[in-house]
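In: one predicted model, sequence on top.
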Amino acid sequence: MSLYWNSRTKNLSPYVPGEQPKDRQFIKLNTNENPYPPSPRVIEAIQKAVNDSLRLYPDPECTVFREAIAAYCRVRPEQVFTGNGSDEILAFAFAAFFENSSRAKPILFPDITYSFYPVYARFWDIPYRTIPLNDNFFINTAEYTIPSGGVVFPNPNAPTGIALPLNDILSLAEYLEKTKNVFILDEAYTGFGADSAVPHIVDYPNLLSVHTLSKSGSLAGLRAGFAIGSVELIEGLRRVRDSFNSYTVDRLALAGATAALSDPFYYNEINSRVVRTRERVTEALRIMGFTVLPSAANFIFMKSLNINGSDIFSALREKGILVRHFNKERISDFLRISMGTDDDMDVFLDACSSIVADPQRT
Ligand SMILES: *Cc1c(COP(=O)(O)O)cnc(C)c1O
């Protein structure tokens, strides 16, 4: 605490990102980065963009990038918003669409979900209520058809990896459209098997689909994301952005992100490899006796029946493997494992099998 902090700053409870270790070479399976490099076209485009034009501000409307997204998603450029990673877009969307008064109806999201949502809600003073996942860790969308200030969750959900059928998503969007509430659908993990709501966006003026190039685009270091929605939602996001910072995506990011969208063949290739690895690892872990939730993302959520989550976490760390553990009710025995290369995952599986064989030594 500092005397110089205002009460807002004193009351913040910031998000804690996964560790990015500098001291030691770990097999890093803790932040859901893509194990494969971005398309060579991305590197080439960024190298080309390193020139005297860096003297100039970037295009605040990200026109070329937005046109590339529009073509890729088969929507109009006016239905596209771009940002400095999707976290920024989510923060803007909370500010733009959810009411911040203590008398407002609370927004709804699952008890187990992306841990940035309560952080944004508190930052903007938005009341919220969490709805428990069911016993199988699924989101039951029927429980969200109640009076609220709006809904936000990821599909597939994080950190469970479980995807909902598109019909559940669209029925909920329809209900929320009738009550004039915004539904922020965080599609950070499309590209690994789940269906996206983007082809249906024209039918739901209240539905904002938020995407990132960090995971399936293998560009977590670049900071680029986008959202697809009705023109009125996109306009709302622009009003908020232009009340903060009009230049959220820099020239190099614009060049690289636009190039990424031009190479879907490459990305299909690397992301199907991630999916194949996920299926193989899931199967191997189940044979060892672990519970592994069915994932449609680039990570899995697993637990052992007899060794607790923090013990496995420490044993893996000891062996040079970094995974994510959430010390939180209901999931403290689970670990979230990002998919690495097949070689990384073989090392991981060997480590798991020795932990299972000799839990005492962990
Ligand atoms: C990774 C992730 C994001 C953030 O992505 P960035 O574009 O890197 O900011 C948003 N939502 C969920 C659910 C994520 O897992």
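Out: Nice, thanks for sending it over. Numbering: from 1, shown residues only.
In: tell me the bridge partners for the spatially closest residue to residue 29 that is not a sequence neighbour.
Out: In space, and not counting its chain neighbours, residue 29 is closest to residue 338: 4.5 Å by C-beta to C-beta, 6 or more residues apart in numbering. Yep, even glycine has a C-beta here, placed from its N, CA and C like the rest. With DSSP bridges applied, residue 338 shows beta-bridge pairing to residue 299.
In: for the protein, which spans come out with low pLDDT?
Out: 361-362 (pLDDT under 70).
In: ok, 90 please
Out: 1, 8, 11-13, 15-25, 101-102, 329, 358-362 (pLDDT under 90).
In: enumerate the residues of it near the ligand.
Out: Proximity of the chain to the ligand, by C-beta under 6 Å from any ligand atom, involves residues 32, 85-87, 114, 154, 158, 186, 188, 212, 214, 220, 225.
In: can you tell me the SS state at residue 202?
Out: helix (DSSP: H, G, I helix; E, B strand; the rest coil).
In: please enumerate the helices of this structure.
Out: Ranges of helices in the chain, per DSSP state H, are 7-10, 40-49, 63-73, 85-97, 116-123, 166-178, 231-241, 251-261, 264-287, 309-318, 342-357.
In: how about residue 263, nearest residue that isn't a chain neighbour?
Out: Nearest-residue entry for residue 263: residue 39, 4.0 Å, with adjacent residues in sequence omitted and distances by C-beta to C-beta, 6+ apart.
In: ok, the one you found - contacts?
Out: Shown in contact with residue 39 (C-beta atoms under 8 Å, 6 or more residues apart in numbering): 218, 259-260, 263, 266-267.
In: repeat the analysis, applying 10 Å as the threshold.
Out: 45, 217-219, 256, 259-267, 269-270 (C-beta atoms under 10 Å, 6 or more residues apart in numbering).
In: ditto for residue 37
Out: Per C-beta under 10 Å, 6+ apart, neighbours of residue 37: 43, 218-219, 266, 270.
In: out of those residues, which are buried?
Out: 218-219, 266, 270 (16 or more other C-beta atoms under 10 Å).
In: which one of these is nearest the ligand?
Out: Distance to the ligand, by C-beta to the nearest ligand atom, is smallest for residue 219 among the buried ones among the contacts of residue 37, at 8.7 Å.
In: burial count for the nearest residue to that closest one once chain neighbours are set aside?
Out: Nearest residue to residue 219 in three dimensions, chain neighbours excluded: residue 213, at 4.3 Å (C-beta to C-beta, 6+ apart). Neighbour count of residue 213, defined by other C-beta atoms under 10 Å: 26.
In: show me the protein divided up by domain.
Out: Taking automatic domain parsing as the reference, the chain has its domains at 7-37+265-355, 40-263.
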